[in-house]
Each structure stands twice: as structure tokens, then as C-alpha cells.
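K.L.:
Generate a structure from the sequence data that follows.
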Amino acid sequence: MSDTVSRVLALVLAVGIGGLPFYQPDATRVALVGDTAPPHGALVAVVCLGVAVAWWSTQGRGYLWADPAWLTWNDFTTTRTTALTRRMVRGWLARWAALGYGTAVAGMVLGWSGILYAAALFAGYGLLAIAAGRVKSPGMWESVLPLLLAASAAWPIPLAVSAAAATAAGILLLRKESLAETAGREELVRGFSARMTQRVSVAFLDVWGLLPAARPLSLERFFARRPVLPRYLLAGVFTRARAVVGAGLIAVVVANLHWIFPGVPGVWWVGIGCYLAAIPFAAPVAQLHRTPGLRRWLNHSPLAVKTTAAALLAVVAALWLALVTALGVDFHPAALVAVPLAAAAAVRSVTRDPIDFANVGVVDVGGVLVPMGLVVQVARGIDALLLGILLLGAGLVPLAGVVCAAALLF
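P.N.:
This is a model prediction of the structure:
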């Protein structure tokens, strides 16, 4: 199948699935809100959270890449600047289009009260995001700003002021020299290498190859003492500081969504949030799984590696749960099982075998041919998470514990 046909088919499926809330608005409203009235300012809060996530996702400057051969044989400064700027704008448009869709769904479910505040946030921070994305990042400070924006989701008047400030900051940043003009060959080639790794990972459905790369660790003699395996896994947490900010952003989003959509049981928010917060820190386990030489150097059995990694990720998930509880999400004893469940599911996800394309298992589902074999392989880890949360929601805590243990053994 050609790339064009694949993209058209993906677009048709996305439109069909994305239009479901508009086809069945009453069912969507009952599933998310229940029989209660939507809280005041819910639409503004949803847009605020969406803007924070969209802004945070643009901060990687993913548009800064160029083919080394093109740079060598066909590079003209004007052409390069135009290509990079066009790529940056396309990425920004894709994110803000998705945000516009989410706003439409939220307005249909929650009502349109506060739409002017929402529009101010949408426009002001949209300008700031694209203006900030074209200049050099100041570092971790930039990653923290979306977290502060999401934390103020319940305050419409300060949000209007911050939207005006974001617009002014965006106008000032537009006057600075663009990275598209100043980026050097080394930076562009490094971005190209990272992009090729991502494209190959997506093509072969190895989505965990997209986990964030580690930064250099400045702690001396970190591996000089035993035990080496826990130190190696702990270093994977220390070298992913941006993922810590991302986990904080997920906590704020979950706390607000739990307040906005009371129809969704809290165990679902907590379980999925724990998984999303822990999965970036499972990258060292993924690296161990796909590097036999590194596993031989550590000299541990696969079960020992999985168990140690799950214990460390459970600590990360527990800290995340404590933050969510402090933000106002009601604590439930089932959440104590959701923590190791999410950790085990994360380890199960990144330790699956390579995709076996000889076992696609095509099944006719309502006239649509679905490669169930590939779906089962890709969903490894997520399957244990969803099954465990479903059992926790039904009050079957011991069975959820069994699923947690099975996720590491099989």
C-alpha cells in the first residue's frame, strides 16, 4: 500500500472516530459528566490544560533537522530557512488544530460558558508557542511554564491577564533572530539522526523507541559500587529531568480532569496517569532489553531486571500519586494497587519482543480488516493496565494483583 493511500485511510478512520462525540452527544455527555451539571469554568479549564500540553509538546524544536547530503550538495541559506520555518509552522498548526477539535468537543459536552476566555487563551498562548519555538530554548525554565499555566486552570480572570502577557511576550520574541537562520550543521544533522530513529521506530511499530533519550550524568563514580543494576536504572531517572516536568504536568491535568469529568471513575484517571508518568523512565529497561551485550555485562536474569525496574518505577508512580492526592484527587485504597500495576505494565510494554509481521492475524470486524495479531503485539503492557484497572473499578483487588504479577512473568 502506498504512503498516499495509507494516509488517506488513516485520515478517514480518524475522522470517523473523532466524529463519534458529535454523532452521539448525549452518550458522550453521560459517560464523561454523568447526571451532574458541569462545574463552573469547566470549558476554560479544559482549554487551559490543552494549551499547556500543546505548548509543552512544541518545546523540543523537532523541526530542526536536515539531511546531511542535502546540506552538502544543495544547501542555500534562504532555502534552508524557508524549509525549516515551513516545517515549524506545520507542526504548530497540527497541534493547535487538535486543540481546536478538543475545544469543540468540550464545548458540546460542558457548554459554551467562558468561550471568550478560552479564545483568549487559544490565541495568546498560540502566538507565544510559535514565537518561542523559533528561538533558542532557555532550558528547563521553558518546560516549567506550561506546568504553571495548567496549575492555574481554575482561575479565569488571572488567565485572561496571562493570555495578554503571553501575547505581548510572543510579539517580543518574534523580533528575535530565528533558529531557522542560525542553526548550524551539527545541530541539524543531530536532529536528522533523531528523526530517522523515530521514523524507523514508527515504521516497525516499535513505539517505545520514541522514549526520551538520556542526558549526560554529571555524578562521578555512580557505577563504582554494587549493586550496579539499581544504580543503572536510577541513573535513567536522574538523566531525564524533562520527563519529571512532564509527570508534574500529567498530575495537574489528571487532577483537573477528575474535577471536570466526575462521570469517569477516579481509578481510571489514577491508573492511566501513573502509567504515563512512569513510562518515560522505563527507557533504560527498553535499552537493556534490546542490547544483549549490556544485559550480559550486568549479569542478571530477565526476571531480576524486570522486578528491579518495576520496583523503581513503582516508587516513581507512588510519588506521582502523592502529588495527585495533594492536588485534590480523592484517595482510594485501590490506588495502592494501581501504582504497582502501572509500573508492571510499563515494564511489560518496553520488554516485548520485536513485532512479528508474519503473524498479523487479519480479522474481519464489521466489514473492516483489522490486523489483530499486530494489535495484540503493540498493545502488550497496555492490555495488562486496562484489564487491571477494569478489575480495580469492579472491586476485584486480588485479581488486579494477579494481573500485576502476571505482567512481569509473561
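
K.L.:
What lies in contact with the helix or strand where Pro146 lies?
P.N.:
Assessed by DSSP states H and E, Pro146 sits inside helix 140-151. With CB atoms under 8 Å, 6 or more residues apart in numbering as the contact definition, helix 140-151 has outside contacts at 48-49, 51-53, 55-56, 59, 125, 132, 162, 241-242, 245-246, 248-249, 252-253, 256. To be clear about C-beta, it is placed using only N, CA and C from the backbone, and glycine gets the same treatment.

K.L.:
hmm, 7 Å instead?
P.N.:
For helix 140-151, the external contacting residues (CB atoms under 7 Å, 6 or more residues apart in numbering) are 48-49, 51-52, 55-56, 59, 132, 241-242, 245, 248-249, 252-253.

K.L.:
any weak-confidence spans in the stretch 151-300 of the chain?
P.N.:
Along the stretch 151-300 of the chain, the parts satisfying pLDDT under 70 run over 218-224.

K.L.:
For burial, what's the neighbour tally of the residue nearest to Gly395 when sequence neighbours are not counted?
P.N.:
Spatial nearest neighbour of Gly395, chain neighbours left out: Ala334 (7.9 Å); criterion: CB to CB, 6 or more residues apart in numbering. The tally of other residues near Ala334 (other CB atoms under 10 Å) stands at 22.

K.L.:
Equivalent analysis for Trp112, please.
P.N.:
Residues near Trp112, counting by other CB under 10 Å: 12.

K.L.:
same question, Ala66
P.N.:
20.

K.L.:
which ones are touching it?
P.N.:
When contacts are taken as CB under 7 Å, 6+ apart, Ala66 is in contact with Arg80, Leu188, Phe192.

K.L.:
These into JSON lines, with extra columns for distance to Asn299?
P.N.:
Shown next, in JSON lines, are the contacts of Ala66 (distance: CB to CB, whole Å):
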{"residue": "Arg80", "distance to Asn299": "48"}
{"residue": "Leu188", "distance to Asn299": "40"}
{"residue": "Phe192", "distance to Asn299": "36"}
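
K.L.:
Among these, which one lies nearest to Asp356?
P.N.:
Nearest to Asp356 among the contacts of Ala66 is Phe192, at 29.7 Å by CB to CB.

K.L.:
Leaving out chain neighbours, which residue sits closest to that closest one?
P.N.:
Phe192's closest residue in space is Trp65 (CB to CB, 6+ apart), at 4.2 Å.

K.L.:
Would you mind measuring from Gly395 to Pro265?
P.N.:
Using CB to CB, to the nearest Å, Gly395 is found at 11 Å from Pro265.

K.L.:
Break down the stretch 301-410 of the chain into its strands, ranges please.
P.N.:
With strands called from DSSP state E, counting those that start in this stretch, the stretch 301-410 of the chain shows them at 362-365, 368-371.

K.L.:
so what's the spatially most central residue of the chain up against?
P.N.:
Nearest to the mean C-alpha position of the chain, counting by CA atoms, centre = their mean, stands Leu276 at 6.7 Å. Leu276 is in contact with Ile250, counting by CB under 7 Å, 6+ apart.

K.L.:
Low-confidence ranges, the stretch 1-150 of the chain, go.
P.N.:
If you take pLDDT under 70 as the line, the stretch 1-150 of the chain has these spans: 1-20, 75-78.

K.L.:
run the last query once more with 50
P.N.:
Counting by pLDDT under 50, the stretch 1-150 of the chain contains low-confidence residues at 1-2.

K.L.:
tell me the contacts of the residue nearest to Gly395?
P.N.:
Neighbours of Ala334 in contact, by CB under 7 Å, 6+ apart: Val267, Leu392, Val397.

K.L.:
Tell me how far the helix or strand the first one falls within lies from the chain's centre.
P.N.:
In the assignment (DSSP H and E), Val267 maps to helix 266-278. Averaging C-alpha coordinates over helix 266-278 and over its chain gives two centres that are 12 Å apart (CA atoms, centre = their mean, to the nearest Å).

K.L.:
right, and Lys136 touches Ser178 too?
P.N.:
No: with contact defined as CB atoms under 7 Å, Lys136 does not reach Ser178; the gap is 9.9 Å.

K.L.:
follow-up on the earlier one: if you rank the contacts of Ala334 by neighbours, which is first?
P.N.:
Busiest of these [other CB under 10 Å] is Leu392, holding 27 neighbours.

K.L.:
surely that one meets Ala400?
P.N.:
Yes: using CB under 7 Å, Leu392 is in contact with Ala400, at 4.8 Å.

K.L.:
What degree of burial does the residue lying closest to Gly100 once chain neighbours are set aside show, as a neighbour count?
P.N.:
Nearest residue to Gly100, sequence neighbours excluded (CB to CB, 6+ apart): Phe122, at 7.5 Å. Counted with other CB under 10 Å, the burial measure for Phe122 works out to 21 neighbours.

K.L.:
Quick check: Phe122 vs Val200, distance?
P.N.:
Taken as CB to CB, the span from Phe122 to Val200 is 35 Å.

K.L.:
export the helix or strand hosting Asp26 as CSV, just CAs?
P.N.:
Assigned by DSSP H and E, Asp26 belongs to helix 25-33. In CSV, the C-alpha atoms belonging to helix 25-33 read as follows (Å, rounded to 0.1, in the frame of the first residue of the first chain):
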residue,chain,number,x,y,z
PRO,A,25,-23.5,13.8,22.1
ASP,A,26,-25.9,12.5,24.8
ALA,A,27,-23.9,9.3,25.3
THR,A,28,-20.7,11.2,25.4
ARG,A,29,-22.0,13.6,28.0
VAL,A,30,-23.3,10.9,30.2
ALA,A,31,-20.0,8.9,30.0
LEU,A,32,-17.9,11.9,30.9
VAL,A,33,-20.1,14.1,33.2
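
K.L.:
start at 3 instead
P.N.:
Yes, from this point I'll number from 3; that puts the last item at helix 27-35.
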